[in-house]
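Student: just to be clear, the model below is a prediction. Sequence and coordinates:
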Amino acid sequence: MNRRKFLNGYLPAGVMIPSFVNGMGFKAFESGHTFLNNVLLPGGDNDRVFVVIQLNGGNDGLNTVIPLDQFSKYQNARQNIFIEESKALRLNGVDNIGLHPAMTGLQELYNDGKLHVVQSVGYPQPNFSHFRATDIWMSGSDSRQVLNTGWLGRFLDEMYPGFPIGYPNSTMTDPLAIQIGSVTSLTLQGAAQPMGMSISNPSSFYSFVNNQIDPAPNSYAGKELSFVREMSKQTQKFGEVIKAANAKVTTQSPYPTSNSLADQLKIVARLIKGGLKTKIYMVNYGGFDTHSNQTVAGDTSIGYHATLLGNVSNAIKAFMDDLKFQGVEERVVGMTYSEFGRRILSNGSTGTDHGAAAPLFVFGAMVQAGVSGTTPILPMKATVGDNVPYQYDFRSIYASILSNWLCVNDTTLNNVMLKNFQKLPLTKLGTCSILNPVGNPDQLIVAYPNPFHKKVTIQFKSAGGHTMIQVMDSAGRLVKILIDANFEAGTFRVDFDGEYLSAGLYYIRLQNQVIQQVKSVIKI
Amino acid sequence: MSTERKFQTPPSLAAYAGPWDKDAVKHLLRRTMFGAKKDDILYFTGLGLNGSINQLLDTSLPLPAPPVKEYAVGNAMVPDTIIGPGETWVNDTNNDGTIASYRRGSFKKWWVGNLINQDRTIRENMCIFWHNHFSTETNDVSNAQYVYKHHNLIRSNALGNIKSLVRAMSIDPAMLVYLNGQNNNKSAPDENYSREIQELFVIGKGTGADFTEPDVKEAAKLLTGWRINATKMEPYFDSNRHDTTNKQFSSFYGNKLIAGKTGATAGDLELDEFINMLFANDEAALFLCRKLYIWFIYYKITPEVEAGFIAPLAKLLRNNNYEVKPVIKALLSSDHFFDMMNRGCQIKSPVNMMIGLLREFEVKFPTPDMYTTNYGLWNQMLSYFTNLQQNLGDPPDVSGWKAYYQEPGFYEYWINTDTLPKRIQYLDSLVTNGYTVSGFKVVVDGLAYVKKMAAPRDPNKLIDELADHVLGIPISAQHKAQLKRDILLSGQSDDLYWATAWDLYITTPSNAANTKYVTTAITNLIKYMVDLPEYQLC
């Protein structure tokens, strides 16, 4: 355990060196990590908090973020459930998308500069099983890779080596992570054990007898016995600090009632303000598996899905208002996610079946407001197997949060994410490091001939550094990786021999530094 | 952290030939019947291994009478006045929203009653196994009659044939509602059931389970057309909604082509072919056997377990044409099941723990004629289960409870910093104060329990007998010595202190101060014992 460097992994947040901010680009800063570490560590730890909202069941992305610039294709694919163009909520300065009419809270947050929408988040070879897809999101694995640790579990393992032995201590007096609810999530699973604790009601902890401890036998029973004992120890250790933090906050700004997500976030706000040093909070809200009756017949802006999205939006808005009221707004960033989006084509039960990529929301006062990515490319006439192709790998979001919000250095980031993922400018410039904000760049991919029969030539622009070109089919499956290497800045060409492919729609995806672009091509 | 953990003998289906002692009997009973009653331990000890397994697998015992109306109709729009109080509602088609919710409640309470009053078989345990396997939620199904029908299908096939059970499940009304089968039609297939039947019910997600997305889509087409007749509360096939095209499956299923059929029999014929195709795949038996292993033995399936135990068990299942009974018989009779390595290593589910406590201490409930009081008392158990994250009848989703599938913790997911304190709290509450419904109090009667012991006046034997009876793994002599001193001897060191108090209690229970002392000491001792982490294991 000691091989892990305790504070080395952490960049002091809030520490900003003017010369870094002025004039030094992202690349330069990368090499600056070591410098910063050497100069400033050990030192101020940061008080940043990250809140994860899991939307269980597979949220329908296309009815959450409405593709206004492809409206006729959207309407065509979803004749029984499409949201009317006039009802979609508009975002300041954005004309290609609108939010579901129930999400007025998030609309306000966006217009207030506190919301970032990331389009089409997913991964290659999407899995359509709730359970497997959830595991992929929670563990941060590849589609076919099975990891038994969670991404935040690995992060906390890196930050607090040896936990729970020797904890609490002077650097960490509080639980590393708190999950609201009674179920432990894989997300927080560390190499040896869960790195978080679950609570449903912070004011009730039950005291245990102080048992004499017999040695655990060397058997499976011994393993489980040790586990139960460890849980009981942790409950006792952290019960009091949580109770105390909870009791400190007596006034909160209003939250919606009959909204279980709001109930959970209300507790989170209280514990943050109450002084816990806990880094991670996890909450969840279920019911998004809308195979049927997603909307009311006759008015698609209301119904089951609208209620869910309304509750999510109202809960987040109330949470943000409360954080502001408590004066801790700048310490908190949150994100929503769901294990997958839903199929482009709606089904006959006024619902949608399991799909692939979907948008997610990142919120917080320190978030860089904006929209990453374009609206998903929709086919003219969607068929049952068509899925939204991913533009952003979900692990890019994780890596960006770790690196640019929790200020983890690159070595640690690699240990947590296990691979190199591009970072996106989700949080404000200079929060930890400097990321060049990316507007919607020019067309970086040209493909010809398009449609193609045998060979298609792909011309792409790289800004230098790691560059990847992938080919995906219409269901989002990875067909081929054409380029995966470091490039100098410039324009390049690569040929793809697609003769063996069946006819249909394919996507070419470019990934280069913080940029990605997807271009559709048709094979005939 | 520790040296390698090893089985006593390599995993195999070889029958257990070790001693048929109380430890072996308790292990068998705790894994099959929710705690071991003292009478049961004696009874099964007398039967020997084979006799015990045959008794547990006895399917000749009658099914319990169905749930009854124990609710007031309240302000239901369509009250079910034709059903009298205490009569069963399961055959009445009333589906008023309010009535349905009362009936779902009635069903769930009734289920708890069955758990408490179970006979000496594995049936109740298997009902929860299948409930977890074919996970449905009563709240989603909504119609209480369908819920009961679904449950009864499981109950009557608890030790039946998995292949025919899956066949029946595919058109079971509750399942047709829960996984949208009733909406699945040729113009807009709904893939919900076609995915889960492969992923969760039959083929699973093992390394060899390589069914494809097109397989899900083809199966959805094949399953189109099934509807529910609400009056008969039965499924029927509507050929107009059926996709009559051919269904082409992937190489995982040997490139099986199921020809599209037309007419009234098309649904049945294609379903038969589909079920045959699923079970022709070796993964089907492997998947079920792994689930049984995790349910009855332990969650760690090492390569040696897979090769030495799972594979031959799966073969047995196939050779018996998917009859489950011989497979469970082989599993429970095996040397591997009784291997010391596999004893005491399960973390009890909430149901197992709470029902186990009631059974171990033979907690008394009212006689069956007081059904409203009983249903009320059973309801409290339901809320215990629910708060401990095992809402019986309403698992979290279609994959059942995490404890039986989620890597890497499995049963450990029952226990966290939220649920562990609650577990202790509920156990304590039943041991100390109990709870009351309509004037009837449910509480552990510690004195009655101790009175039945062989030598209650000897504090050493009392503690030994209690610990042996209820703890999943033993505690040390030193630990017991401390318990004796702290609780039974009130800090003294002479055993006579307890013997005298006990004797006085037996001869002169009217001595209030002494009786109070003895009662409190016993209650505290039992409370201490069930608060131990060792009690969480079985």
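Tutor: Right, received. Where do you want to start? Residues are numbered from 1 along each chain as shown, chains lettered A, B, ... in the order given.
Student: give me the residues contacting stretch A:146-156.
Tutor: For stretch A:146-156, contacts defined as C-beta atoms under 8 Å, 6 or more residues apart in numbering or on different chains pick out A:52, A:135, A:138-141, A:157, A:163, A:176-177, A:185-191, A:194-196, A:279-280, A:282, A:395, A:398, A:402, A:406, A:408, A:412, A:415-418, B:407-408. Where you see a C-beta, it was placed from the backbone N, CA and C, and this is true even at glycine.
Student: in it, what's buried?
Tutor: Neighbour counts over stretch A:146-156 (16 or more other C-beta atoms under 10 Å in any protein chain shown) mark A:147, A:149-156 as buried.
Student: with stretch A:325-334 instead?
Tutor: In stretch A:325-334, counting by 16+ other C-beta under 10 Å, buried: A:326, A:328-334.
Student: keeping just the C-alphas, turn it into CSV.
Tutor: C-alpha atoms of stretch A:325-334 as CSV (Å, rounded to 0.1, in the frame of the first residue of the first chain):
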residue,chain,number,x,y,z
PHE,A,325,-27.6,30.0,0.1
GLN,A,326,-25.1,28.0,2.2
GLY,A,327,-22.2,29.8,0.6
VAL,A,328,-20.6,26.6,-0.6
GLU,A,329,-21.6,26.8,-4.3
GLU,A,330,-18.1,27.1,-5.6
ARG,A,331,-17.0,23.9,-3.9
VAL,A,332,-19.4,21.6,-5.7
VAL,A,333,-19.6,20.1,-9.2
GLY,A,334,-22.1,17.4,-10.1
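Student: just give the number of residues close to residue A:524.
Tutor: Using other C-beta atoms under 10 Å in any protein chain shown, residue A:524 has 9 other residues around it.
Student: wait, it sits on residue A:454?
Tutor: No: Residue A:524 is beyond contact range of residue A:454, at 10.1 Å (criterion: C-beta atoms under 8 Å).
Student: helix/strand/coil for residue B:48?
Tutor: Residue B:48 falls in the helix class when you classify it by DSSP: H, G, I helix; E, B strand; the rest coil.
Student: and it, what's its pLDDT?
Tutor: With respect to pLDDT, residue B:48 scores 97.
Student: got it, and residue A:44?
Tutor: 23.
Student: list the ones among the contacts of stretch A:146-156 that fall in helices.
Tutor: A:135, A:138-139, A:157, A:395, A:398, A:402, A:412, A:415-417 (DSSP state H).
Student: before we move on, back to that, with distance to residue A:517, pLDDT and secondary structure added, can I get the buried residues of stretch A:325-334 in a markdown table?
Tutor: Conversion of the buried residues of stretch A:325-334 to a markdown table gives the following (distance: C-beta to C-beta, whole Å; pLDDT from 0 to 100; DSSP: H, G, I helix; E, B strand; the rest coil):
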| residue | distance to residue A:517 | pLDDT | secondary structure |
| --- | --- | --- | --- |
| A:326 | 40 | 96 | helix |
| A:328 | 37 | 95 | coil |
| A:329 | 34 | 95 | helix |
| A:330 | 33 | 93 | helix |
| A:331 | 34 | 95 | helix |
| A:332 | 32 | 97 | strand |
| A:333 | 26 | 97 | strand |
| A:334 | 27 | 98 | strand |
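Student: tell me the domain ranges of chain B?
Tutor: Listed by automatic domain parsing, the domain ranges of chain B are B:22-59+B:284-342, B:161-280, B:447-536.
Student: the longest one near chain A anywhere?
Tutor: This points to domain B:161-280. Yes: judged by C-beta under 8 Å from any C-beta of the partner chain, domain B:161-280 and chain A are in contact via B:180, B:183, B:185, B:187-192, B:195, B:199-200, B:205, B:213, B:216-217.
Student: where does residue A:318 fall, phi/psi-wise?
Tutor: phi -60, psi -40 (degrees, to the nearest 10).
Student: name the residues of stretch B:222-237 that are buried.
Tutor: Here stretch B:222-237 shows B:222-228, B:233, B:235, B:237 as buried, counting by 16+ other C-beta under 10 Å.
Student: need those in JSON lines (columns: pLDDT and secondary structure).
Tutor: What follows is these, written out as JSON lines (pLDDT from 0 to 100; DSSP: H, G, I helix; E, B strand; the rest coil):
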{"residue": "B:222", "pLDDT": "98", "secondary structure": "helix"}
{"residue": "B:223", "pLDDT": "98", "secondary structure": "coil"}
{"residue": "B:224", "pLDDT": "97", "secondary structure": "coil"}
{"residue": "B:225", "pLDDT": "97", "secondary structure": "coil"}
{"residue": "B:226", "pLDDT": "98", "secondary structure": "strand"}
{"residue": "B:227", "pLDDT": "97", "secondary structure": "strand"}
{"residue": "B:228", "pLDDT": "97", "secondary structure": "strand"}
{"residue": "B:233", "pLDDT": "95", "secondary structure": "coil"}
{"residue": "B:235", "pLDDT": "98", "secondary structure": "strand"}
{"residue": "B:237", "pLDDT": "98", "secondary structure": "strand"}
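Student: what's the closest of those residues to chain A?
Tutor: residue B:224 (9.9 Å; C-beta to the nearest C-beta).
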